[in-house]
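Visitor: the sequence isn't on hand, but the structure is:
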């Protein structure tokens, strides 16, 4: 009988210490990834794993933790938000980048020999709709709507403007060229 009260007191003490420590523990909430740069007419900037110069979409993970894109979608069709799904276990490292090649190839593996993902649509250099969609297939994480502008050969584009020196998979260091309307 004497052991039960001392056991209860020990459990109570552990719970009190645990409760005191919880507020000081910072949980990291993941922000959504973003489309940080695109190239719709790649003639000499970046080769894919097949040795081709394909259009590409750069996805940035602004989080200090890995971001798993399993179940997320990319689309160039506003009426089909689930046009292309990321392959299982597509992970972007903390504060990292992922290049997705927009080749328009129907490949069941969705990746090339170097494990680069490839979409079932390509990008139009004259501009079109482009969006990153959440795993529910409905939430629009980011979109270029009604479309991104025309993009010249070997020039990349972001929501902020054009890059004369694209930097796929890296921080954009080049000065932006903002079009004058």
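Guide: Good, I have the coordinates. Given the structure is predicted, the values throughout are model-derived calculations rather than measurements.
Visitor: give the contact list for residue 6.
Guide: Counting by C-beta atoms under 8 Å, 6 or more residues apart in numbering, residue 6 makes contact with nothing. For every residue, glycine as well, the C-beta is placed using N, CA and C.
Visitor: can I assume it sits in a helix?
Guide: Yes - under DSSP: H, G, I helix; E, B strand; the rest coil, residue 6 falls within a helix.
Visitor: show me where the chain has helices.
Guide: Per DSSP state H, the chain carries helices over the ranges 3-21.
Visitor: can you pull out the low-pLDDT segments for it?
Guide: 1-5, 7-8, 10-30, 108, 174-176, 178-181 (pLDDT under 70).
Visitor: what residue is smack in the middle of it?
Guide: Central residue of the chain (C-alpha atoms, centre = their mean): residue 59, 3.5 Å from the mean position.
Visitor: so it touches residue 92, yeah?
Guide: Yes - counting by C-beta atoms under 8 Å, residue 59 touches residue 92, with 6.4 Å between them.
Visitor: what do the two both touch?
Guide: Taking C-beta under 8 Å, 6+ apart as the criterion, residue 59 and residue 92 both touch 33, 69, 98.
Visitor: ok so, going back, could you find the closest non-adjacent residue to the residue nearest to the centre of the chain?
Guide: In this structure, residue 59 finds its nearest non-sequential neighbour in residue 98, 4.6 Å apart by C-beta to C-beta, 6 or more residues apart in numbering.
Visitor: does the one you found touch residue 87 like I think?
Guide: No - contact criterion C-beta under 8 Å: residue 98 and residue 87 do not qualify, at 11.0 Å.
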